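Peer 1: coordinates for the following, if possible.
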Amino acid sequence: MDADDRHIVQEHLSNLLQVQNLVVLIGSGASFHLGSPQTRNLNNASVKGLVSEAGGSVDATDMALLQHLNPGDDGDLERLLNALQLAAALAMHTQGDAVTLGQGAEAQTFTVDELESLRHKIGSALVEACKLPRRLEDISPEHREDPLQAHRTFFSRLLRARRSNLPRPRIFTTNYDLVIERALDELGYPYVDGFSGTVDRRLNLSFYGLDFHRIDTSTQKVLARAESAVYVHKIHGSLNWRARTERDRITGVESLEVHQVPDDAPVGGDRVLIYPTTAKEGDTLAFPYSDLMRQLGDAVQQDDTAIISVGYGFADPHINRILLRSLAVNPALNVLVVDPKAVLDEQEMEEALSSDEVVGRPLNVDARKTKRTAVAALAEAADARIAVLTGDAGRFVDFADLMPDPSLGNSFTSPRTISDLVDSLELIGMRAQSESSNTGRSDV
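Peer 2: Numbering: from 1, shown residues only. Purely as a prediction, here's the structure:
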């Protein structure tokens, strides 16, 4: 990307960062450089390796089951987990304890326990693989020395480039990992994650109505809003969330409570995670996911709103429905989707990059052949409110570096900053002219 193209992208980003309501949607693609597990195009050996890396073992029965459920050896982790779940449900529905897969001489019978065992192994392996940053060898070489640098850069520029009198940005993520929290902690930025308490932290969504302010410690008078604060919503749960049914000491009524625990703590309750299966849309109807999804819906329906989607592949219908309906009913909504590979194949990408005027042009003008993905469909949409950034610039680490940097010496200054500077200079000039008139003196 040359300097002119970079300027176009940064100018668009600068405008998005100054909207009244800023929503950032972060998916697993933002953590690929940290070793985030791939869930697409997995062969059976990859699944076995995933389980082994988590300390589990895949026996002969497990491999046979994998071969029956993934005969093409190019499976999808979501479909695999879903198939195991459906096979177990079928066995129990027919009042048996086993199900037969395959045909003829290839047919083989598996018990419900064997099906559930493999499903549990894969689910546990996925959880372990999401403990990021992973092992040094799993991290991209250029990020091993400082794995969270890109995330710190992204959040630092996002918050510092935004005017301080605007509402706090809202970060929504489908990721289980604690990368966002760790990066914000390293920056020293305060954030509201929906939990109350210090020692015993419990999910209390009313805390999203709180904010941070600086006060005079002697008078308790509010001086100003604290800088660089943000709201974090983990709409698919988190590695350090545990759910337990508890009885109220006074009323005796039972309720489900979600606790936040150290990420290396023993399970001590059910993990609060939406696993990648086709049942995940139904899972979002339960607490606490339904409440978190409602907050996403409310956030994108406000006036003067922008959504910056990074690393999210639009593979979750329950999220897509909220975003697409908001586009339909909210004319003041703008969307930027950042994805490196979901729009064009390698040859089309090379041809596009060879063009001097590709940045900022509608994709359908050049009649390029796109991939059959949701992100490509958005890129082809005849809607000026939707923009898609793809290619190398769509990688999270490169996109973080593209974010407008308000630091002194930055090569890019936002149009709003220039406008404010012009207004200030004009005001100074008017004052100088007025003072000159009052003294009857003219300076050359």
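
Peer 1: please, where are all the helices along the stretch 51-200 of the chain?
Peer 2: 60-69, 77-93, 112-129, 149-160, 179-187 (DSSP state H, counting those that start in this stretch).

Peer 1: point out the most buried one among the ones you listed.
Peer 2: helix 149-160 (a mean of 21; mean count of other C-beta atoms under 10 Å). For the C-beta atoms, the positions are set from N, CA and C on the backbone; glycine is no exception.

Peer 1: can you put the helices of the stretch 51-200 of the chain in a markdown table and add distance to Ile319 and mean pLDDT?
Peer 2: Below are the helices of the stretch 51-200 of the chain laid out as a markdown table (distance: least, C-beta to C-beta, whole Å; pLDDT from 0 to 100):
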| stretch | distance to Ile319 | mean pLDDT |
| --- | --- | --- |
| helix 60-69 | 26 | 93 |
| helix 77-93 | 14 | 86 |
| helix 112-129 | 19 | 91 |
| helix 149-160 | 20 | 97 |
| helix 179-187 | 17 | 97 |
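
Peer 1: can you redo those as a markdown table with distance to Gly102?
Peer 2: Formatted as a markdown table, the helices of the stretch 51-200 of the chain follow (distance: least, C-beta to C-beta, whole Å):
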| stretch | distance to Gly102 |
| --- | --- |
| helix 60-69 | 5 |
| helix 77-93 | 12 |
| helix 112-129 | 14 |
| helix 149-160 | 45 |
| helix 179-187 | 41 |
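
Peer 1: among these, which is nearest Glu106?
Peer 2: helix 60-69 (8.1 Å; C-beta to C-beta).

Peer 1: helices and strands around the closest one, which ones?
Peer 2: Where contact means 3 or more C-beta pairs under 8 Å, 6 or more residues apart in numbering; DSSP states H and E, helix 60-69 is packed against helix 44-53, helix 77-93, strand 98-101, strand 108-111, helix 112-129.

Peer 1: apply 7 Å and report the result again.
Peer 2: Contact analysis of helix 60-69 by 3 or more C-beta pairs under 7 Å, 6 or more residues apart in numbering; DSSP states H and E lists helix 44-53, strand 108-111, helix 112-129 as its packing neighbours.

Peer 1: Val329 is nearest to which of those?
Peer 2: Of all the helices and strands packed on helix 60-69, helix 112-129 comes closest under C-beta to C-beta, at 35.5 Å.

Peer 1: tell me if Asp405 really is in a helix.
Peer 2: No: looking at Asp405 with DSSP: H, G, I helix; E, B strand; the rest coil, it is coil, so not inside a helix.

Peer 1: got the domain ranges for this structure?
Peer 2: 3-35+146-402, 44-129, 414-444 (automatic domain parsing).

Peer 1: of the helices of the stretch 51-200 of the chain, which is nearest Phe396?
Peer 2: helix 149-160 (6.1 Å).
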